[in-house]
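Colleague: I'd like to go over a predicted model; first the sequence, then the structure.
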Amino acid sequence: MRAFKGVTFVLTIALLSTCAVAQERNKGIIVNDAEKQPGVDAVLELKAKTRSIDQEFKAICTQTCGTAGAAAKLALETNVEICFKVTSEGYVTLWSIDSKGGFTLIYPNRLSHPTKARAALVKANTRTCVGDSEKYQLQIAEPKGTSKVYLHWTRTEDDALGPEDYPVIGKDIRAGAPPYAAATLQYEITGKN
């Protein structure tokens, strides 16, 4: 099992040997957490299940997580699936941002895109779910506290956050920044059940 900040990749024994050191990212880019582009809407959904093999994923929240009342609470070691849909074709990255400001690129990753894609191409209005495949699963991990899932969409792969970049949620005032759309979900990580 390979632990990341906020979310972990849970791997089968056959894939355990494919783990490599996460790429070092050292350049924080300030981004808006709900940036809009004309004709582009992005929707995120967080689903969870306990470690029971037979249990199905249950929707915890959609776009309103953490913005319309109390954030969803998830216990450590809960398996999660993150689904998204964007209304325009483009390139997406999904990030986990933990309560201490740590970040992890959770999609695309070396298991979903072995050719080291900078961002994943998604078709318009196609629902994509990440975290419950034969290759990898996502699981809630330390640190406890308020964490976020951040979706960053661009029209071209070259406009996506670069290999050295990571998102810092704030007020983006970059002049000449490539246009992007964004969506964010917020949730609370609690102790084990």
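Modeller: Thanks, I have it. Quantities reported herein were computed from a predicted structural model and do not represent experimental measurements.
Colleague: ok, then the element right after the least confident helix or strand in the chain by mean pLDDT?
Modeller: Least confident helix or strand of the chain, by mean pLDDT, DSSP states H and E, is strand 7-10 with a mean of 46. Downstream of strand 7-10, the next assigned helix or strand under DSSP states H and E is strand 27-31.
Colleague: tell me the contacts of the closest residue to D159 other than its chain neighbours?
Modeller: Excluding its sequence neighbours, the residue lying closest to D159 (Cβ to Cβ, 6 or more residues apart in numbering) is P178, at 3.6 Å. In short, each C-beta sits where N, CA and C put it, glycine included. P178 makes contact with T154, T156, D159, according to Cβ atoms under 8 Å, 6 or more residues apart in numbering.
Colleague: pLDDT at the residue nearest to I30 when sequence neighbours are not counted, what is it?
Modeller: Among residues not flanking I30 along the chain, G170 sits closest, at 4.3 Å (Cβ to Cβ, 6+ apart). If you check G170, the pLDDT there is 93.
Colleague: how near is G170 to Q37?
Modeller: Distance of G170 to Q37, computed by Cβ to Cβ, to the nearest Å: 19 Å.
Colleague: mind checking which of the two has more residues around it?
Modeller: Q37 (18 against 12; other Cβ atoms under 10 Å).
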